[in-house]
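Participant: Show me the folded form of this:
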Amino acid sequence: MNWNRGIRQFHRWTSVVFTLTVIATFIALAQEEPLVWVSYVPLLPLFLLLFSGLYLFALPYVARWRAGRSAAAS
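Facilitator: Predicted coordinates for the structure are as follows:
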């Protein structure tokens, strides 16, 4: 499997996990006696989404930069 494709797949599944943890947080905080620590659960997938999203965001710019460098070297 291609490295970029793996990161993209990881980003998709992490977004599903993040969505589920946010829904679970809303449900947990809506209880009569809310568990406050549950509000921190979505932070791990959020940070993973941040790093994988920044990588995916930079891919086209890096590819364009590399293409320009290789054309200039030729």
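Participant: contacting residues for the residue nearest to the spatial centre of the chain?
Facilitator: Central residue of the chain (C-alpha atoms, centre = their mean): Leu49, 1.5 Å from the mean position. Neighbour list for Leu49: 11, 14-15, 18 [criterion: C-beta atoms under 8 Å, 6 or more residues apart in numbering]. (Each C-beta comes from the backbone N, C-alpha and C, glycine too.)
Participant: TSV for those, including distance to Ala71, pLDDT and secondary structure?
Facilitator: What follows is the contacts of Leu49, written out as TSV (distance: C-beta to C-beta, whole Å; pLDDT from 0 to 100; DSSP: H, G, I helix; E, B strand; the rest coil):
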residue	distance to Ala71	pLDDT	secondary structure
His11	30	97	helix
Thr14	35	98	helix
Ser15	36	98	helix
Phe18	39	98	helix
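Participant: can you list those in JSON lines and add distance to Arg64 and neighbour count?
Facilitator: Below are those laid out as JSON lines (distance: C-beta to C-beta, whole Å; neighbours: other C-beta atoms under 10 Å):
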{"residue": "His11", "distance to Arg64": "21", "neighbour count": "16"}
{"residue": "Thr14", "distance to Arg64": "26", "neighbour count": "19"}
{"residue": "Ser15", "distance to Arg64": "26", "neighbour count": "16"}
{"residue": "Phe18", "distance to Arg64": "29", "neighbour count": "19"}
